[in-house]
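Visitor: got a sequence here, can you build the structure:
(chains A and B)
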There are 2 protein chains.
Amino acid sequence: MMMRLYGSSQSGNCLKPKWVAALLGLDLEWVEVSAFDGSTRTPEFLAINPAGQVPVVVLSDGRTLSQSNAIMLHLAEESRLIPSDAYNRAKMFEWLFWEQYSHEPAIAVRIARMHYLKIPEAELDPALLTKGEAALARMELRLKGAAYLVGDALSLADIALIAYTRNAPKGGFELARYPAVGAWIARVERDLGLVNASEAS
Amino acid sequence: MMMRLYGSSQSGNCLKPKWVAALLGLDLEWVEVSAFDGSTRTPEFLAINPAGQVPVVVLSDGRTLSQSNAIMLHLAEESRLIPSDAYNRAKMFEWLFWEQYSHEPAIAVRIARMHYLKIPEAELDPALLTKGEAALARMELRLKGAAYLVGDALSLADIALIAYTRNAPKGGFELARYPAVGAWIARVERDLGLVNASEAS
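Guide: Here you go, the predicted structure:
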């Protein structure tokens, strides 16, 4: 049975493992589901993930796994996307946990509320902006002196962080204020074979 | 140079790597700092972690590492606390990321606001309670049929999750509603050599 990834194309968290599979040449069937059209609430989907959340992967032996960063780590085991140096590997984990705690809850949430739910900016919790700007500033600090977040090569840290950072303008964040982050987005998009956001209409 | 861990004894996130070091017999010097007394804002501490957050570890070669779960993973590499089976290892990561995204921001935050900041319960965001109860229910579902969160042995998943779960009553959560979680707390506290919360006054 081919590995199946249930996800929404609009969700950065879902795209992370899709990109990893593509980079590593893994066979992975993408099944589009969405919280917006009810397809994550069907009995069939809830049998796979009782929490009703995406992404979730059904492995070739039928067992399931959720949490975007945990799925990426599983797909990428012993690949070049996980640093072989122990300290760099630890720094990769530092970024992965930081992404879920300090970046995604501000930047992804503001993108969802502004861009998808069309909530007027004035009605949003102001902490989403300050917390998101602090996250971008932290990335800028690292990327001013380095091409990638860990060591000198692409790793899962970059893939986790680009998922929502590249769409930060949809959440009202001005990427022009973080030029090293902007250059890194273009670099990682090239590595992942994505259309550069600035070239897309 | 001995490895130094800067942390606050009141913070579950800080205790996680301390417990791992104790279990594995690693030499680790604990340096008590606290956001409450200003010691995480001194120039000396900010030189170690510009974000002013704990825990942070200074490794024997002087390099630093933050994020509680990333520090635990680094200390525990190739130990019995990380499952050798690839699927179980992936499930451990699933719990670690879930803890930082869906458990800590509700349960630890409610403990901090009620127990340490003494904010009246009526003034708290009601979402903290519903989100925390959902997290405890998810743990109960797993632990009704298993002694540990992953496989049949103690792993970093249990250490990450017990840090705040054992103090959930200080955040107004009724652990009596989650009997399997209660039994697991006693089991993991025994494994970690901690005083059982129910025996402490």
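
Visitor: could you pull out the helices in chain A for me?
Guide: Secondary structure of chain A (DSSP state H): helices at A:12-24, A:43-48, A:68-75, A:86-98, A:104-111, A:126-143, A:156-165, A:179-192.

Visitor: list the buried residues for the fourth one?
Guide: Counting neighbours by 16 or more other Cβ atoms under 10 Å in any protein chain shown, one finds that the buried residues in helix A:86-98 are A:88-98. Placement of C-beta: from N, CA and C, glycine included.

Visitor: what about that helix, distance to the chain center?
Guide: On the basis of Cα atoms, centre = their mean, to the nearest Å, helix A:86-98 sits 15 Å off its chain's mean C-alpha point.

Visitor: ok, back up a step: closest one of the buried residues of helix A:86-98 to residue A:73?
Guide: Among those, residue A:96 lies closest to residue A:73 (Cβ to Cβ), at 7.9 Å.

Visitor: quick one, what contacts the closest one?
Guide: A:69, A:73, A:156-157, A:160, B:70, B:97 (Cβ atoms under 8 Å, 6 or more residues apart in numbering or on different chains).

Visitor: which among these end up buried?
Guide: Buried by 16+ other Cβ under 10 Å: A:69, A:73, A:156-157, A:160, B:70, B:97, out of those.

Visitor: can you redo the contacts of residue A:96 as JSON lines, where the extra columns are distance to residue A:105 and pLDDT?
Guide: Formatted as JSON lines, the contacts of residue A:96 follow (distance: Cβ to Cβ, whole Å; pLDDT from 0 to 100):
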{"residue": "A:69", "distance to residue A:105": "14", "pLDDT": "98"}
{"residue": "A:73", "distance to residue A:105": "20", "pLDDT": "98"}
{"residue": "A:156", "distance to residue A:105": "19", "pLDDT": "98"}
{"residue": "A:157", "distance to residue A:105": "18", "pLDDT": "98"}
{"residue": "A:160", "distance to residue A:105": "14", "pLDDT": "98"}
{"residue": "B:70", "distance to residue A:105": "18", "pLDDT": "98"}
{"residue": "B:97", "distance to residue A:105": "13", "pLDDT": "97"}
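
Visitor: ok, the residues you listed vs residue B:141, which is closest?
Guide: Proximity of the contacts of residue A:96 to residue B:141 (Cβ to Cβ) peaks at residue B:97, which lies at 17.8 Å.

Visitor: wait, doesn't that closest one sit right on residue A:100?
Guide: Yes: contact criterion Cβ atoms under 8 Å: residue B:97 and residue A:100 qualify, at 5.6 Å.

Visitor: what is in contact with these two at once?
Guide: Shared contacts of residue B:97 and residue A:100, counting by Cβ under 8 Å, 6+ apart, come down to residue A:69.
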